[in-house]
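Could you work out the structure for the sequence below:
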Amino acid sequence: MAYNMHHNSQNKKGDVYLQSAREVALSILYKIEIGEAYSNITLNKELRTQKDLSALDKSLVSQIVYGVTTWKITLDEIIKKYSSIKIKKISPWILNILRMGIYQICFLDKIPESAAVNESVKLAKRYGHIASSRFVNAVLRKIKKEELQNLFNEIDADTTLEETEKLAIKTSHPQWMVEKLLEYYDKDFVKALLDADNIVPSISIRVNTSVITRDELIKEFEDENIKCKKGNLPDSVILEHLPKVESDKFIVQDEAAQLVCLMLEPKENETILDMCASPGGKTTYIAKLMNNKGTIDAWDIHEHRVELIIELCCKLNVSIVNASQNDATEYKENLKEKYDRILLDVPCSGLGVIRKKPDIKWTKKEEQKDLIETQRKILNCGAEYLKPDGIMMYSTCTILKEENNLQIAEFLKENNNFELLEEKQLFPNVDGTDGFYMAKLHKKK
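This next block holds a predicted model:
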């Protein structure tokens with residue numbers, strides 16, 4: 001692969017090779033493409049290690065990585081129009097260089113077309129060979145700013161394409177996902193939902209009010225020229241971008257995730273179980289709502305993810321959490337009717353957080369049976385651990401009904417000692433939050 005070509009370049013500082021913003025973006029896209037990495041985690045990790053990139057360059061890396069990952073299907077349709085080589089035959093490096101070039105030309109107003117083409121050709125020389133760079137040059141020179149609109153017009157006029165296929169290309173979502181959503185919701189709603197998936201959201205944070213008030217924190221952000229406003233929930237603030245320095249004054253947490261904790265209504269001195277707790281955002285909020293009095297058992301199936309819960313509790317000065325490695329699907333007899341309240345933020349398909357993790361569109365498969373079975377096992381175990389008259393919150397970050405209200409309806413049918421007190425389904429296009437489902441269940445005495 002092309003990593004062995006890295007030292008051909010003149011872009012040096014002393015003897016240390018410096019990657020350009022576009023090259024950093026390309027290497028992240030390659031890792032995502034070959035399935036080794038999640039977009040958000042890899043991007044954050046990579047940007048932290050790139051000490052020589054300016055803030056502007058880092059912003060370009062983010063824009064390109066998220067943009068290309070978000071619009072992959074649409075970009076590939078444009079490539080198909082102008083490439084003499086079939087997409088499957090193009091190497092992953094060169095394919096991503098083409099996607100990046102087209103994305104910059106069609107989506108980013110501030111980048112001159114010539115710069116997008118020339119930089120792509122340079123990358124093609126480094127990550128391919130001379131013929132690759134000629135190929136990239138030939139394709140990109142045909143691309144115009146209005147390419148996207150032209151493509152959409154052609155798709156609309158094409159009578160051979162099914163409606164779901166048209167929607168898949170125009171919103172850059174896999175066709176199975178479009179078809180799945182159309183089983184539940186009408187076409188206009190699905191279109192609005194898929195469009196909302198493609199818009200990078202503002203950042204929602206939760207203020208750590210044991211350290212600072214919301215108004216004080218907003219004042220600090222304003223002094224740093226960070227645009228922000230109060231969120232819709234008591235402890236939330238909506239930001240345009242994060243401050244550079246890590247802080248114990250807040251954590252990044254979507255309002256939907258905060259709402260689940262508020263709906264659980266934890267009380268001081270209760271014994272609470274968070275069955276799928278990592279990385280601990282909800283656990284620490286529950287602790288805060290309990291004024292750090294009582295006990296929370298927080299589980300995760302993976303040891304390294306239990307560490308994340310412990311780290312976050314230390315950072316936010318939470319002392320009532322016992323974090324441990326446990327498989328939430330395996331029933332433990334000794335915990336029968338031990339807990340006042342239980343949170344089940346179960347593993348799910350994640351289709352509600354595509355705006356933040358666009359690679360979910362390409363990594364998720366249609367088959368959900370195992371996932372639904374896992375959710376059911378966790379629900380059934382939780383039901384046993386809950387005291388009579390206790391409250392259990394079930395939540396997912398997806399919009400698929402079989403993981404949400406249909407899953408709960410099935411549970412209630414089999415467990416007539418439970419009743420549904422409240423349920424909510426949030427959507428990015430309606431609520432401006434992640435797509436999130438929550439059901440509040442009461443165990444009858």
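
tell me the domain boundaries of this protein?
Following automatic domain parsing, one finds the domains of the chain at 2-140, 161-197, 256-443.

Give me the buried stretch members for the second one, please.
Right, the one you point to is domain 161-197. 164, 166-175, 177-182, 185, 190-194, 196-197 (16 or more other C-beta atoms under 10 Å). Heads up, the C-betas are built off the backbone N, CA and C, glycines and all.

chain center to the host helix or strand of residue 180: distance?
Here residue 180 sits within helix 175-184, counting by DSSP states H and E. Computed by C-alpha atoms, centre = their mean, to the nearest Å, the chain-centroid distance of helix 175-184 equals 20 Å.

Can you classify residue 441 as helix, strand or coil?
Put simply, residue 441 is strand when judged by DSSP: H, G, I helix; E, B strand; the rest coil.

what's the spacing between it and residue 111?
51 Å (C-beta to C-beta, to the nearest Å).

more neighbours, the two?
residue 441 (25 against 16; other C-beta atoms under 10 Å).

Name every strand pairing with the top strand by length along the chain and say which way it goes.
Secondary structure of the chain per DSSP state E: the longest strand is strand 386-396. Strand partners for strand 386-396, identified by DSSP bridges, are recorded as strand 339-345 (parallel), strand 436-443 (antiparallel).

which secondary structure elements does the helix or strand where residue 133 lies contact?
Using DSSP H and E, residue 133 maps to helix 130-140. Packing contacts for helix 130-140, counted by 3 or more C-beta pairs under 8 Å, 6 or more residues apart in numbering; DSSP states H and E, involve helix 92-107, helix 113-127.

picking that back up, which of the strands paired with strand 386-396 sits closest to residue 415?
strand 436-443 (8.7 Å; C-beta to C-beta).

And the contacts of the closest one?
254, 256-257, 259-260, 263-264, 352, 383, 386-399, 403-405, 408, 411-412, 417-426 (C-beta atoms under 8 Å, 6 or more residues apart in numbering).

ok so, going back, show me which residues of the helix holding residue 133 are buried.
Residues of helix 130-140 classed as buried by neighbour count (16+ other C-beta under 10 Å): 132, 133, 135, 136, 139, 140.

Next: stretch 75-92.
For stretch 75-92, using 16+ other C-beta under 10 Å, the buried residues are 75, 76, 77, 78, 79, 83, 90.

Can I get it in PDB, CA atoms only?
The C-alpha trace of stretch 75-92 is given here as PDB (Å, rounded to 0.1, in the frame of the first residue of the first chain):
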ATOM      1  CA  LEU A  75     -20.300  11.300  -4.700                       C
ATOM      2  CA  ASP A  76     -20.000   7.800  -6.200                       C
ATOM      3  CA  GLU A  77     -22.900   8.500  -8.600                       C
ATOM      4  CA  ILE A  78     -21.000  11.500  -9.900                       C
ATOM      5  CA  ILE A  79     -17.800   9.400 -10.300                       C
ATOM      6  CA  LYS A  80     -19.800   6.800 -12.300                       C
ATOM      7  CA  LYS A  81     -20.800   9.500 -14.700                       C
ATOM      8  CA  TYR A  82     -17.300  10.600 -15.600                       C
ATOM      9  CA  SER A  83     -15.000   7.600 -14.800                       C
ATOM     10  CA  SER A  84     -14.000   5.200 -17.600                       C
ATOM     11  CA  ILE A  85     -13.100   2.600 -14.800                       C
ATOM     12  CA  LYS A  86     -15.800   0.800 -12.800                       C
ATOM     13  CA  ILE A  87     -15.900   2.000  -9.100                       C
ATOM     14  CA  LYS A  88     -15.200  -1.600  -7.900                       C
ATOM     15  CA  LYS A  89     -11.900  -1.600  -9.900                       C
ATOM     16  CA  ILE A  90     -10.600   1.800  -8.400                       C
ATOM     17  CA  SER A  91      -8.200   1.400  -5.500                       C
ATOM     18  CA  PRO A  92      -9.700   2.600  -2.100                       C
END
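
Understood, closing this out.
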